[in-house]
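# just the structure for this:
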Amino acid sequence: MLLFIQAAHAAETAGAASLFGQILLPVAFFAIFYFLVIRPQSKRTKEHRAMVNALTVGSEIIFAGGLMGRIKHLEGDYAVVSLNNNTDIKVQRASVISVLPAGTIESV
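Below you'll find the model as predicted:
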C-alpha cells in the first residue's frame, strides 16, 4: 500500500513540474523573440523615421532604387531629387535609405 501512495505522490509532483515547464517554455520563447526580432526592428524603424523627418533641401541622399542625388525641394511626403543638371525626379521621402555627407556626389 505504501508503494502506491509514493507513486501517486511522485505523479502529482511531476504534474506540477510539467505545468511549470509548459508555462515557462512559451514565455522564454517570447522573450527570445522579443529581444532578437521585435526590439531591434522597432529601433531601426524609429531611426529611419527620424532620418526622413530631418531631410532638408540640399541633402545628398541614396534612395531605395540605388540612385543618389541632391534634394531640390520637399513637397509633403515627397521630395524632388536632382540626379544631375538635367534630370529631376519625385520620390517618396520614406524611400530614402541613407543621407550622404555633403560633397559626396561630386567626389564620385
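# then Tyr34 would be within a strand, right?
No - secondary structure of Tyr34 (DSSP: H, G, I helix; E, B strand; the rest coil): helix, not part of a strand.
# which residues does it contact?
Contacts for Tyr34 (Cβ atoms under 8 Å, 6 or more residues apart in numbering) come out as none. Any C-beta I mention is one placed from the backbone N, CA and C, and that applies to glycine too.
# again, but for the one 5 residues further on
Under the criterion of Cβ under 8 Å, 6+ apart, Arg39 has no contact partners.
# where does it land in three-state SS?
Here Arg39 is recorded as helix under three-state DSSP.
# how near is it to Ile32?
As for Arg39, its distance to Ile32 is 11 Å (criterion: Cβ to Cβ, to the nearest Å).
# please, where are all the strands along the protein?
For the chain, strands defined by DSSP state E occupy the ranges 60-63, 68-75, 78-82, 88-92, 96-100.
# mind putting those strands in TSV, mean pLDDT, mean neighbour count and distance to Gln22 included?
Shown next, in TSV, are these (pLDDT from 0 to 100; neighbours: other Cβ atoms under 10 Å; distance: least, Cβ to Cβ, whole Å):
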stretch	mean pLDDT	mean neighbour count	distance to Gln22
strand 60-63	94	20	48
strand 68-75	95	16	54
strand 78-82	96	18	52
strand 88-92	95	14	47
strand 96-100	95	16	44
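# adding distance to Arg49, write these out as a markdown table.
Formatted as a markdown table, the strands of the chain follow (distance: least, Cβ to Cβ, whole Å):
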| stretch | distance to Arg49 |
| --- | --- |
| strand 60-63 | 15 |
| strand 68-75 | 16 |
| strand 78-82 | 15 |
| strand 88-92 | 13 |
| strand 96-100 | 11 |
